[in-house]
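Visitor: sequence unknown, structure follows:
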């Protein structure tokens with residue numbers, strides 16, 4: 001994932017921000033263990049649930065009110081577009097806004113983001129957790 005800095009970095013950063021909002025994550029205290037978070041990184045979990053067709057279950061588990069579920073699901077799928085590994089696959093920010101507003105249809109993301117994380121496999125996570 002060694003790509004040069006470009007205007008597509010804004011889309012990636014915004015996608016990560018959207019995922020943080022969708023996950024409704026609580027602040028952690030300094031010195032608090034974040035080991036389980038690194039193993040079960042929320043953006044990666046969103047993709048896994050999306051692939052299984054269970055994104056709404058993940059959203060429900062975050063405590064999102066019924067009237068906001070559709071908007072949160074839309075934000076999560078837009079975020080998955082924004083965090084594509086390849087900068088060329090990421091939408092431009094003006095298109096991101098249109099997707100969030102519902103002006104344009106959101107197609108299913110074409111590629112798995114965070115490919116570099118999936119390539120390590122579960123044995124890497126187990127080994128890393130045991131060392132930490």
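Guide: Sure, I can see it. Computed from a prediction, not measured in an experiment: that's the story for all the values here.

Visitor: all helices of the protein, in order?
Guide: Along the chain, the segments classed as helices by DSSP state H run 8-23, 35-39, 42-51, 55-61, 69-82, 93-101, 115-118, 122-131.

Visitor: of the ones you listed, which is nearest residue 107?
Guide: Ranking the helices of the chain by distance to residue 107, with C-beta to C-beta as the measure, places helix 69-82 first at 8.5 Å. Where you see a C-beta, it was placed from the backbone N, CA and C, and this is true even at glycine.

Visitor: what's around residue 107, how many residues?
Guide: Residue 107: 9 surrounding residues under other C-beta atoms under 10 Å.

Visitor: now swap in residue 81 and tell me
Guide: The burial count assigned to residue 81 is 23, neighbours taken as other C-beta under 10 Å.

Visitor: got the contact list for it?
Guide: Listed by C-beta atoms under 8 Å, 6 or more residues apart in numbering, the contact set of residue 81 reads 15, 89-91, 96, 99, 106, 109.

Visitor: ok so, going back, mean pLDDT lowest where, among the helices of the chain?
Guide: Least confident of the helices of the chain, judged by mean pLDDT, is helix 122-131 with a mean of 42.

Visitor: just name the most buried of the helices of the chain.
Guide: helix 69-82 (a mean of 20; mean count of other C-beta atoms under 10 Å).

Visitor: good, we can wrap up now.
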